[in-house]
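Enquirer: just coords:
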């Protein structure tokens with residue numbers, strides 16, 4: 001229905017623009033002929049009515065395209081700037097080497113940003129490493145070239161780029177085309193319904209475009225370099241890895257880990273958290289799949305992207321049972337990633353899981369889904385969940401000569417017919433002479449199927465019966481890969497809002513981070529400057545430190561209202577206000593509700609809330625809290 005309405009509005013707008021243009025010509029002709037005012041007033045009034053109708057159609061069309069009736073690009077930019085200004089002003093992060101002008105894509109985290117990142121990583125370990133009984137490892141960032149050559153990254157880990165032909169500035173070809181299509185749909189009310197449908201089709205299938213197709217569309221639409229408007233080069237592949245050398249001689253090439261050198265919200269260096277889950281390629285079921293099978297959230301399968309549809313809420317079990325998600329184990333980790341992100345406060349309505357298109361699929365993957373989070377930048381890939389099949393282990397086994405296999409023992413030995421290839425070297429020598437070594441290696445590398453295919457050509461003594469006690473196989477790898485910094489930025493946006501001050505004379509910035517993620521769990525605020533209150537505040541501060549609760553103590557400062565505002569902007573969820581020597585109030589950031597507890601209970605209450613063992617509603621309902629709230 002929405003698509004039909006948009007099409008009809010675009011047709012109406014095109015007709016209206018033509019009518020307005022005709023009416024303008026009529027008015028201009030009358031003025032040029034110096035017609036009397038009495039003859040011009042009516043045409044001008046008609047023109048004003050037409051313009052009013054034109055703007056009404058534009059506003060209605062904008063409402064459908066953007067979903068909110070406002071100029072969405074301006075709204076997004078203003079919102080993003082408000083978030084970024086607050087983060088930079090409070091030193092959550094800032095450009096690295098700032099006094100030297102900074103370096104694009106490099107950032108340092110301040111006290112609060114570092115604490116948020118530490119809390120997210122801590123929960124990641126709890127949610128995955130501990131809950132799934134995983135073995136945690138930390139790997140080097142520098143990798144020798146032969147390793148990445150074997151994995152395929154040296155040859156295939158690329159983006160398609162174009163270059164400003166005059167300044168030499170590089171751009172992602174797909175990003176330029178994507179931005180052009182979105183801007184046209186959102187801002188240009190004069191485009192036809194046919195053109196709008198074409199642009200939507202391009203957006204839906206963009207990730208499936210080859211370099212040649214990207215170049216053709218860029219030329220067709222007349223897309224030029226941002227800012228300079230200079231012509232662009234033809235698209236070409238650009239390797240994303242950072243080359244380096246290992247050792248003092250500089251003769252041993254290597255690369256920084258390739259995954260840390262990519263991105264929109266582009267950072268040249270960021271934290272990556274990965275899981276390598278090994279699974280039998282013949283049995284990709286998962287023992288805990290039933291825990292996530294009924295989760296329902298936005299999913300965007302490949303076929304629905306290709307047909308121009310939108311993501312829709314789907315129970316996870318549906319695409320798994322139909323084979324759209326290729327296994328229970330891949331589905332299980334998609335569900336666990338969904339829970340991980342939403343537990344942090346990512347908006348469920350702005351989180352989707354998008355399946356890679358065929359041409360978009362990495363060289364190692366047989367199925368891959370991205371967890372994409374909507375922000376002011378659009379939909380951002382924050383987690384990739386891929387079935388890498390047996391590609392990695394087989395490739396590294398072949399190159400290193402080390403067998404990377406798993407063994408599954410049988411409950412009882414199995415008797416199987418085996419073909420054993422035994423090269424008779426003394427006979428092969430005279431027959432093949434200089435090629436003997438190659439022939440022997442080929443025979444020894446021959447697998448079971450190849451041996452069976454040439455069974456008729458082998459002597460019967462090569463055939464024997466053998467009992468097997470185990471099955472030896474190369475595992476498949478399911479790899480969820482998390483861009484921690486991207487997730488955190490999206491959390492900043494999803495938790496940011498403004499509310500009026502108590503006096504109503506200004507808008508206060510607030511972040512509704514959940515307590516376990518918040519960089520500071522509470523502030524301790526003596527109501528007024530009073531030595532007894534300050535002493536109580538110091539006692540509470542010591543108790544919080546012993547309990548491992550990060551906090552700030554504001555002994556002196558402005559009014560309590562101003563200090564609450566600072567507390568909220570630093571996304572501190574709780575404030576302990578000392579207004580007596582026996583009991584204190586605890587204020588919750590979002591509801592601004594308060595409860596009263598005894599001084600020696602304050603730290604334990606905040607501890608239970610910060611660790612997630614109790615919610616604010618739980619605390620509010622506790623009998624002892626209600627009693628103290630009356631006092």
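Expert: All right, it came through fine. It should be emphasised that the depicted structure is a prediction, and the values quoted were computed from it without experimental measurement.

Enquirer: buried residues in the helix or strand encompassing residue 85?
Expert: Secondary structure from DSSP states H and E places residue 85 in helix 72-89. If you call a residue buried by 16 or more other CB atoms under 10 Å, then helix 72-89 has these buried ones: 72, 76, 82-84, 86-87. Glycine gets a C-beta too; all of them are placed from N, C-alpha and C.

Enquirer: got the domain boundaries for the chain?
Expert: 6-63, 272-391+478-484, 410-473, 520-629 (the TED database).

Enquirer: So which elements touch the helix holding residue 85?
Expert: helix 37-66, helix 173-187, helix 484-495, strand 496-500, strand 507-511 (3 or more CB pairs under 8 Å, 6 or more residues apart in numbering; DSSP states H and E).

Enquirer: Let me know the closest of the buried residues of helix 72-89 to residue 380.
Expert: residue 76 (12.7 Å; CB to CB).

Enquirer: for the nearest residue to that closest one once chain neighbours are set aside, what are its contacts?
Expert: Excluding the flanking residues, the one nearest residue 76 by CB to CB, 6 or more residues apart in numbering is residue 376, at 4.2 Å. Residue 376 makes contact with 76-77, 79-80, 83, 493 under the criterion CB atoms under 8 Å, 6 or more residues apart in numbering.

Enquirer: Apply 6 Å and report the result again.
Expert: Residue 376 is in contact with 76, 79-80, counting by CB atoms under 6 Å, 6 or more residues apart in numbering.

Enquirer: just residue 513 next, same as before
Expert: Counting by CB under 6 Å, 6+ apart, residue 513 has contacts 495, 571.

Enquirer: what's the distance between it and residue 275?
Expert: Residue 513 is 25 Å from residue 275, where distance means CB to CB, to the nearest Å.

Enquirer: quick one on the thing from earlier: how about the buried residues of helix 72-89, which pair is most distant?
Expert: Maximum distance among the buried residues of helix 72-89 (CB to CB): 22.2 Å, for 72 and 87.

Enquirer: who touches stretch 528-536?
Expert: With contact meaning CB under 6 Å, 6+ apart, stretch 528-536 is reached by 526, 555, 578, 581, 599.

Enquirer: so how many other residues sit close to the nearest residue to the first one once chain neighbours are set aside?
Expert: Okay, so that is residue 526. Nearest residue to residue 526, sequence neighbours excluded (CB to CB, 6+ apart): residue 533, at 3.9 Å. Residue 533 has 20 neighbours, counted by other CB atoms under 10 Å.

Enquirer: and residue 571, that one's in a helix?
Expert: No. Using DSSP: H, G, I helix; E, B strand; the rest coil, the assignment for residue 571 is coil, not a helix.

Enquirer: Could I get the contacting residues of it?
Expert: Residues near residue 571 by CB under 6 Å, 6+ apart: 511, 513, 518.

Enquirer: do that again at 7 Å, thanks
Expert: Neighbouring residues of residue 571 by CB atoms under 7 Å, 6 or more residues apart in numbering: 511, 513, 518-519.

Enquirer: mind checking how far it is from residue 116?
Expert: Look at residue 571 and residue 116: by CB to CB, they are 8 Å apart.

Enquirer: about what we covered before: CSV for the buried residues of helix 72-89, including distance to residue 150?
Expert: Shown next, in CSV, are these (distance: CB to CB, whole Å):
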residue, distance to residue 150
72, 46
76, 43
82, 47
83, 42
84, 41
86, 46
87, 41
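
Enquirer: And those, which is closest to residue 169?
Expert: residue 84 (22.9 Å).

Enquirer: Report the separation between the closest one and residue 77.
Expert: Taken as CB to CB, the span from residue 84 to residue 77 is 10 Å.

Enquirer: same check, this time on residue 255
Expert: 36 Å.

Enquirer: now swap in residue 311 and tell me
Expert: In terms of CB to CB, residue 311 sits 24 Å off from residue 77.

Enquirer: do residue 288 as well
Expert: Taking CB to CB, one finds residue 288 at 43 Å from residue 77.

Enquirer: Pull the contacting residues for the closest residue to residue 572 other than its chain neighbours.
Expert: Counting by CB to CB, 6+ apart, residue 572 lies nearest to residue 520, which is 4.7 Å off, once chain neighbours are set aside. For residue 520, the contacting residues are 550-552, 570, 572, by CB under 7 Å, 6+ apart.

Enquirer: same thing with residue 17?
Expert: 54, 190.

Enquirer: quick one: average pLDDT of the helix or strand hosting it?
Expert: Here residue 17, judged by DSSP H and E, is contained in helix 2-32. Regarding helix 2-32, the rounded mean pLDDT is 74.

Enquirer: buried set for it?
Expert: In helix 2-32, counting by 16+ other CB under 10 Å, buried: 6, 9-10, 13-14, 16-17, 23, 30.

Enquirer: And for stretch 359-375?
Expert: 360-362, 364-375.

Enquirer: Looking at the residues you listed, which is nearest residue 304?
Expert: Of the buried residues of stretch 359-375, the one sitting nearest to residue 304 (CB to CB) turns out to be residue 369, at 13.0 Å.

Enquirer: for the closest one, helix, strand, or coil?
Expert: Residue 369 - assigned by three-state DSSP - is strand.

Enquirer: Run through the bridge partners of it.
Expert: Counting by DSSP bridges, residue 369 is bridged to residue 355, residue 385.

Enquirer: residues touching it, list them.
Expert: When contacts are counted by CB under 7 Å, 6+ apart, residue 369 touches 334, 353-355, 385.

Enquirer: what do you get if the cut-off is 6 Å, keeping everything else the same?
Expert: Residue 369 neighbours (CB under 6 Å, 6+ apart): 334, 353, 355, 385.

Enquirer: Separate out the buried members of these.
Expert: Applying 16+ other CB under 10 Å to those flags 334, 353, 355, 385 as buried.

Enquirer: where does the first one sit relative to residue 426, distance-wise?
Expert: Counting by CB to CB, the gap between residue 334 and residue 426 amounts to 58 Å.

Enquirer: Ok, the third one next?
Expert: Look at residue 355 and residue 426: by CB to CB, they are 57 Å apart.

Enquirer: Quick check: longest strand in the chain by residues?
Expert: Secondary structure of the chain per DSSP state E: the longest strand is strand 406-419.

Enquirer: In its sheet, which strands sit next to it, and in what direction?
Expert: strand 463-473 (antiparallel).

Enquirer: can you tell me the average pLDDT over the partner strand?
Expert: Rounded mean pLDDT across strand 463-473 is 74.

Enquirer: Nearest to the spatial middle of this protein, which residue is it?
Expert: The chain has residue 382 as the residue nearest its centroid, 1.4 Å off, counting by CA atoms, centre = their mean.

Enquirer: Next up, identify which helix or strand that residue is on.
Expert: Residue 382 belongs to strand 378-387, assigned by DSSP H and E.

Enquirer: what's near enough to touch residue 547?
Expert: Per CB under 6 Å, 6+ apart, neighbours of residue 547: 603, 607.

Enquirer: redo that, cut-off 10 Å
Expert: Residues in contact with residue 547 (CB atoms under 10 Å, 6 or more residues apart in numbering) are 521, 603-604, 606-608, 610-611.

Enquirer: again, but for residue 30
Expert: Contacts for residue 30 were tallied using CB under 10 Å, 6+ apart; they are 36-37, 39-40, 42-44.

Enquirer: Report the buried members of these.
Expert: The neighbour count (16+ other CB under 10 Å) marks 40, 43 as buried among the contacts of residue 30.

Enquirer: For the closest residue to residue 278 other than its chain neighbours, give me phi and psi.
Expert: Leaving aside its chain neighbours, residue 278 sits nearest to residue 475 (4.0 Å; criterion: CB to CB, 6+ apart). Note on residue 475: its backbone torsions stand at phi -70, psi 150 [degrees, to the nearest 10].
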